[in-house]
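Enquirer: Below are the sequence and a predicted model; questions follow.
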Amino acid sequence: MDQTTGTVIRTGIETVVNPLDLYALETALRIKEQHGGTVTALSMGPPQAMRVLKEAVAMGCDDAVLVSDKKFGGSDTHATSYTLAQAIRAIGDFDIIVTGERATDGDTAQVGPGIAAWLDLPLASYVARICGIKDKRILVERLIEEGYQALSVPLPCLISVVKEAASPRLPTLDGKIRSMELDYPVYSAESMDLKPEYLGLKGSPTRVVSINTPKITRSGRSITVTDDISLNEAIDAIIDLLETKGVLT
């Protein structure tokens with residue numbers, strides 16, 4: 001983390017697909033296989049994020065778009081959802097937007113619902129199962145505290161899925177070959193005509209004001225077992241500790 005800006009340092013770090021987004025990719029691909037259509041993968045990030053889009057195409061996505069611009073640096077969930085929503089508008093017509101439950105770095109689960117808010121779409125979060133699509137509505141089961149909630153959501157809509165929704169497939173050889181040949185559009189702030197007050201760190205209403213690393217201290221006795229005498233000593237020490245804690249009487 002950058003101690004000054006409170007943002008994640010991404011420079012020089014290997015880019016990988018957010019693990020929870022793989023379930024969204026698989027869900028979208030299964031919808032395509034059962035009901036037709038095409039799947040477009042969308043990612044916002046630095047140029048090296050192109051690697052994850054190629055992986056998505058290798059898994060079976062038809063197209064992929066990278067949203068990348070230095071002006072997007074430091075975006076919180078509000079600015080990120082705004083930028084992605086405008087990128088979706090630029091891509092064109094759609095029926096369903098599928099996102100992962102959350103990102104494993106920020107861990108907020110806010111971007112998916114944020115996109116739905118910017119696009120004024122019906123939203124179903126924490127979707128664990130796609131039950132079908134009929135009469136321009138998608139039938140889903142949401143994972144909730146008490147069990148599952150059945151919903152019928154009108155299209156177009158946005159759904160965020162949990163890992164129970166699908167088990168991600170592996171990329172195929174044909175998919176990998178196609179991913180190397182495909183043309184990947186890159187959307188910038190200028191190409192999408194975005195409002196500068198909603199972009200990047202300056203357009204982010206939330207900030208990380210401090211970063212602290214927890215210190216773990218342990219006080220105890222260390223015994224290295226090298227022979228029968230030290231083994232018995234270690235056993236006695238463990239028994240004494242358990243008796244002190246009230247585990248043994």
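Expert: In hand now; what should we look at? Given the structure is predicted, the values throughout are model-derived calculations rather than measurements.
Enquirer: drop to CA atoms for contacts and neighbour counts, all remaining ones
Expert: Will do.
Enquirer: got a list of what the most centrally placed residue in the chain touches?
Expert: Centrality entry for the chain: nearest residue to the mean C-alpha point is Ala103, 3.2 Å, by C-alpha atoms, centre = their mean. Taking C-alpha atoms under 8 Å, 6 or more residues apart in numbering, we find Ala103 in contact with 18, 20-21, 109.
Enquirer: got it, and Lys176?
Expert: Counting by C-alpha under 8 Å, 6+ apart, Lys176 has contacts 54-55, 57-59.
Enquirer: likewise Ala124?
Expert: So Ala124 contacts 142, 151, 153, 158-160 (C-alpha under 8 Å, 6+ apart).
Enquirer: For it, grab phi and psi.
Expert: phi -130, psi 110 (degrees, to the nearest 10).
Enquirer: what's across from it in the sheet?
Expert: On the basis of DSSP bridges, Ala124 is bridged to Ile159.
Enquirer: so how far is Glu164 from the closest residue to Ala165 other than its chain neighbours?
Expert: Of all residues not flanking Ala165 in the chain, Ala128 sits nearest, at 4.4 Å (C-alpha to C-alpha, 6 or more residues apart in numbering). Remark: distance between Ala128 and Glu164 (C-alpha to C-alpha, to the nearest Å) = 5 Å.
Enquirer: quick one, which of the two is more surrounded?
Expert: Ala128 (20 against 12; other C-alpha atoms under 10 Å).
Enquirer: gap between the two ends of stretch 143-152?
Expert: Stretch 143-152 end-to-end distance (C-alpha to C-alpha) = 14 Å.
Enquirer: Same check on stretch 51-65?
Expert: Note: stretch 51-65 ends 12 Å apart using C-alpha to C-alpha.
Enquirer: Pull out the buried positions in that stretch.
Expert: Using 16 or more other C-alpha atoms under 10 Å as the burial criterion, the residues of stretch 51-65 that qualify are 52-65.
Enquirer: Likewise for stretch 202-220?
Expert: 202-204.
Enquirer: could I get it in CSV with only the CA atoms?
Expert: Taking Å, rounded to 0.1, in the frame of the first residue of the first chain, the C-alpha atoms of stretch 202-220 are listed here in CSV:
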residue,chain,number,x,y,z
LYS,A,202,-9.5,13.3,-7.1
GLY,A,203,-12.9,11.9,-8.0
SER,A,204,-12.9,9.4,-5.1
PRO,A,205,-15.0,10.4,-2.1
THR,A,206,-13.6,7.7,0.1
ARG,A,207,-9.9,7.6,1.2
VAL,A,208,-7.7,5.3,3.3
VAL,A,209,-6.5,7.7,5.9
SER,A,210,-4.0,5.4,7.7
ILE,A,211,-2.4,2.0,7.2
ASN,A,212,-1.1,-0.1,10.1
THR,A,213,0.5,-3.5,10.1
PRO,A,214,-0.6,-5.6,13.1
LYS,A,215,2.2,-6.8,15.3
ILE,A,216,1.9,-10.3,16.6
THR,A,217,3.9,-11.0,19.7
ARG,A,218,4.1,-14.4,21.3
SER,A,219,5.6,-15.2,24.7
GLY,A,220,6.4,-18.8,25.3
